[in-house]
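In: Okay, predicted coordinates and the sequence, questions at the end:
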Amino acid sequence: MGKNKAVFLDRDGVINKDYGYVYRIEDFHIYDEVFPALKLLKDAGYKLLIITNQSGIGRGYYTEEDFKRVTEYMLDIFEKEGIKIDDIYYCPHHPEGVIPEYTMKCNCRKPETGMIDEGIKKFNIDVKKSFLIGDKETDIEAGRKVGLKTILVKTGRGKDYIDITKADYIADNILDAVKKYILKENGQ
């Protein structure tokens, strides 16, 4: 069986506005350009995998249940728009956390690659045909470590990294990334 292509997406700052530790539904606002971008990717045959550091759980700012509630809300919105997210991976850990079971140095917190590795294995992903879109250099570093093509978006915190990024591409937002780089790169 042939390998799949995927786009690994950071959440806060790429999919939704990042106010810092977004864990309440009333603070979860999806950027308008996300819907057409994800539809284009799905139509082009990409798996959509969200990979998100959620250290606020380990730091005690909110609970895993809070995160799951916002995730369900997000998935419901996408479903109403006809968009299926193939999987979501999150890291609740932080080395300086206050919740003992989450206080650790792990292999899933970006820039480590645990979440990406899991998605690659589960969905039989061809990294050479796949991308990562993020708004922080830790996202870009994680993608580069596994051989994904990386795109830094200027939404969220992206503008802070423009001068230092090692991303393959820089885009204004997720829709710009999809149209300008992802679809063109794979001949679509």
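Out: Nice, I can see it. Residues are numbered from 1 along each chain as shown.
In: When you work out contacts or count neighbours from here on, use the C-alpha atoms and nothing else.
Out: Fine.
In: give me the low-pLDDT residue ranges for this protein?
Out: Where the chain drops to pLDDT under 70, the residues are 1, 186-188.
In: now the strands for it?
Out: Secondary structure of the chain (DSSP state E): strands at 5-9, 46-53, 87-91, 131-134, 149-153, 169-171.
In: Make a markdown table out of those and add mean neighbour count and distance to Y21.
Out: Output for the strands of the chain, formatted as a markdown table (neighbours: other CA atoms under 10 Å; distance: least, CA to CA, whole Å):
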| stretch | mean neighbour count | distance to Y21 |
| --- | --- | --- |
| strand 5-9 | 25 | 17 |
| strand 46-53 | 23 | 10 |
| strand 87-91 | 18 | 13 |
| strand 131-134 | 30 | 16 |
| strand 149-153 | 27 | 19 |
| strand 169-171 | 20 | 24 |
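In: so which of the ones you listed gets nearest V22?
Out: With CA to CA as the measure, strand 46-53 is the member of those nearest V22 (11.3 Å).
In: Now do that closest one and strand 5-9, the angle between them.
Out: For strand 46-53 against strand 5-9, the angle by axes from the mean of the first three to the mean of the last three CA atoms, to 10 degrees is 30 degrees.
In: partners of strand 46-53, with directions?
Out: With DSSP bridges as the test, strand 46-53 is paired with strand 5-9 (parallel), strand 87-91 (parallel).
In: Adding distance to T63, write those strands out as TSV.
Out: Below are the strands paired with strand 46-53 laid out as TSV (distance: least, CA to CA, whole Å):
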stretch	distance to T63
strand 5-9	22
strand 87-91	12
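In: among the ones you listed, which is nearest K184?
Out: Across the strands paired with strand 46-53, K184 has its closest neighbour in strand 5-9 (14.1 Å, CA to CA).
In: now that closest one: how far from the chain's centre is it?
Out: 8 Å (CA atoms, centre = their mean, to the nearest Å).
In: and what of stretch 149-164?
Out: For stretch 149-164, the distance to the chain centre is 13 Å (CA atoms, centre = their mean).
In: Please list the residues outside stretch 24-34 that contact it.
Out: 14-17, 19, 22, 66-67, 69-70, 73, 173-175 (CA atoms under 8 Å, 6 or more residues apart in numbering).
In: ok, Y23 - contacts?
Out: Here Y23 is in contact with Y62, D66, F67, V70 (CA under 8 Å, 6+ apart).
In: Tell me which residues of the longest helix belonging to the chain come out buried.
Out: Scanning the chain for the helix with the most residues, using DSSP state H, yields helix 64-80. Within helix 64-80, the residues scored as buried using 16 or more other CA atoms under 10 Å are F67, V70, T71, M74, L75, F78.
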